[in-house]
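A.B. asks: just need the structure, nothing else, for what follows:
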Amino acid sequence: MTFPVDPPADLPGGMLDRLAAVHPYPRAFVTVSGAHLYGFPSKDSDVDLRGVHLLPLEEIVGLEKGEETVTLMWDHAGVEADAVTHDLAKFCTLLLRRNGYVLEQVMSPLVVATSRVHDELRSLVPGLVTSNHAHHYLGFARTQWNLFERTNELKPLLYTFRVLLTGIHLMRTGEVEADLTRLTADGPPYLPDLIEAKRAAEHGALPGDAPAVPRLQDDVAALTARLETERDRSDLPEVPANRRAVHDLVVRTRIR
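C.D. replies: I've put the predicted structure just below:
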């Protein structure tokens with residue numbers, strides 16, 4: 001049984017009621033991702049809702065299959081809402097890969113709706129983190145840096161720093177921390193100023209007082225090297241330790 005919790009303070013009123021009205025399946029959990037989770041939402045940031053839904057048994061074993069992924073978008077009082085949920089089995093398959101997105105979604109502190117299944121998934125995450133998750137963050141950082149070079153926009157630059165610092169923290173501690181404001185101590189000294197500039201404008205250009213691109217490039221390269229070093233000396237396993245426990249959770253939830 002899914003139960004709602006007090007939503008994040010900046011989540012527009014009524015948005016969760018709309019999600020509940022249009023989503024075709026019960027949800028095991030819904031959390032907030034995107035800029036709100038990363039610590040630099042602007043007033044016009046989209047609200048990214050992510051989570052897990054539970055397909056009925058007849059839509060799993062029967063001939064008419066249910067939707068493994070449900071994607072919903074709507075305008076809510078001028079704010080764009082973007083909701084994506086995966087069926088439990090698909091989500092758990094992603095959890096067992098080196099996919100940092102789903103780790104961040106299940107561990108997001110911005111919880112909109114939760115359940116016993118969500119609690120159990122969260123409890124299993126420490127045994128799902130591997131040194132190979134560094135590949136996810138390294139790849140995403142390269143993509144965002146390339147986007148920054150093409151656009152000179154602040155958003156992909158901050159995403160570059162965010163994923164590198166999240167990856168470094170994960171390799172060092174095994175803990176999922178997606179909020180960039182909690183990671184600035186390991187980043188360049190100008191990072192808090194860039195965060196404040198992003199909060200002022202969702203798609204703004206790089207501020208005029210920001211460091212020159214060569215300095216930014218050097219700092220990104222240094223963080224990339226640090227992430228690779230932390231990966232290589234990490235005590236994290238190469239494969240998930242809790243694979244069987246995740247399988248058991250899916251089976252128990254299906255037959256409950």
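
A.B. asks: what residues sit buried inside stretch 142-161?
C.D. replies: Neighbour-count burial for stretch 142-161 flags 144-145, 147-148, 153-161 (criterion: 16 or more other Cβ atoms under 10 Å). Quick note: C-beta positions are derived from backbone N, CA and C, even for glycine.

A.B. asks: quick one: average confidence on it?
C.D. replies: Here stretch 142-161 scores 96 as its mean pLDDT.

A.B. asks: next: stretch 27-38.
C.D. replies: Averaging pLDDT along stretch 27-38 gives 95.

A.B. asks: quick one: terminal-to-terminal distance for it?
C.D. replies: Across stretch 27-38, the terminal residues are separated by 23 Å (Cα to Cα, to the nearest Å).

A.B. asks: ranges for the strands of the stretch 51-200 of the chain?
C.D. replies: 69-76, 79-87, 111-114 (DSSP state E, counting those that start in this stretch).

A.B. asks: by contact count, what packs against the shortest one?
C.D. replies: With contacts defined as 3 or more Cβ pairs under 8 Å, 6 or more residues apart in numbering; DSSP states H and E, the secondary structure elements packing on strand 111-114 are strand 3-4, strand 27-33, strand 47-53.

A.B. asks: check the offset of it from the chain's centre.
C.D. replies: With Cα atoms, centre = their mean, to the nearest Å as the basis, strand 111-114 stands 14 Å off its chain's centre.

A.B. asks: check stretch 164-177 too.
C.D. replies: Using Cα atoms, centre = their mean, the mean C-alpha position of stretch 164-177 is found 13 Å from that of the whole chain.

A.B. asks: mind listing what's buried in it?
C.D. replies: 164-172, 174, 176-177.

A.B. asks: any idea of the mean pLDDT for it?
C.D. replies: 98.

A.B. asks: between the strands of the stretch 51-200 of the chain, which one is closest to residue 55.
C.D. replies: Comparison of the strands of the stretch 51-200 of the chain against residue 55 by Cβ to Cβ identifies strand 79-87 as nearest, at 4.9 Å.

A.B. asks: thinking again about what came up before, as CSV, the helices and strands packed on strand 111-114 with distance to residue 182 would be great.
C.D. replies: CSV is the format used below for these (distance: least, Cβ to Cβ, whole Å):
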stretch, distance to residue 182
strand 3-4, 26
strand 27-33, 16
strand 47-53, 19
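
A.B. asks: can you list the ones you listed in CSV and add mean neighbour count?
C.D. replies: Putting the helices and strands packed on strand 111-114 into CSV (neighbours: other Cβ atoms under 10 Å) gives the following:
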stretch, mean neighbour count
strand 3-4, 12
strand 27-33, 24
strand 47-53, 25
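
A.B. asks: do you know which of those strands lies nearest residue 234?
C.D. replies: Of all the helices and strands packed on strand 111-114, it is strand 27-33 that lies closest to residue 234, at 24.7 Å by Cβ to Cβ.
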